[in-house]
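1. coordinates only, sequence not included:
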């Protein structure tokens, strides 16, 4: 008598669903935001293009992001909002304007952008839009003072 392959199929499907997708997933607690993402996969994707991209960087005396210590100094309540704005910068400015040297790099950069877009979609809005406008306008003096001191 031949046994049905259904139990083995179901066992395989359950194993696949519960084991494989979670490999590399990490839950991040950023203030009020909790997101789950595959940082290992994103880092791996970046490492595949890092040398190519960094070789074309001619501005070696300026850093947009300093070492991680400067980001880790962010108050927990502000981490979600900070990440939201940094990801928006990367998605709206960096990835949209990057001109890869070939189609292979383009596909890898697109994959990175899609991964970051998924994270950004999972982030809650930091502040209501009107509150952001009022806050930014109220703190304009800080920007002006910084500009005056840079002289």
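-> That came through, no problem. Just so it is clear, the model here is predicted, and its values are computed rather than measured.

2. So residue 100 belongs to a helix, correct?
-> No: using DSSP: H, G, I helix; E, B strand; the rest coil, the secondary structure at residue 100 is coil, not a helix.

3. Can you get me a residue count around it?
-> Residues lying near residue 100 (other Cβ atoms under 10 Å) number 15. All C-beta atoms are positioned from the backbone trio N, CA, C, and that covers glycine.

4. That one contacts residue 109, doesn't it?
-> Yes: Residue 100 sits in contact with residue 109 when judged by Cβ atoms under 8 Å, with a separation of 5.6 Å.

5. so what's residue 44 up against?
-> Listed by Cβ atoms under 8 Å, 6 or more residues apart in numbering, the contact set of residue 44 is empty.

6. brain fart, residue 37
-> With contacts defined as Cβ under 8 Å, 6+ apart, the neighbours of residue 37 are 25, 26, 28, 115, 118, 119, 122.

7. Tell me the most packed of these, by neighbour count.
-> Neighbour counts for the contacts of residue 37 peak at residue 119, which has 20 neighbours (criterion: other Cβ under 10 Å).

8. Next up, identify which helix or strand it is on.
-> Taking DSSP states H and E as the definition, residue 119 sits inside helix 103-122.

9. go on, residue 28?
-> Element membership of residue 28 [criterion: DSSP H and E] is strand 26-30.

10. Residues contacting that strand, please?
-> Outside strand 26-30, the residues within contact range by Cβ under 8 Å, 6+ apart are 34, 35, 36, 37, 38, 39, 40, 76, 79, 80, 83, 123.

11. Closest one to residue 62 out of those residues, please.
-> Relative to residue 62, the closest of the contacts of strand 26-30 is residue 83; by Cβ to Cβ it sits at 22.1 Å.

12. Now the helix or strand harbouring that closest one: buried residues?
-> Residue 83 is part of helix 76-89 when elements are defined by DSSP H and E. If you call a residue buried by 16 or more other Cβ atoms under 10 Å, then helix 76-89 has these buried ones: 79, 80, 81, 83, 84, 87.
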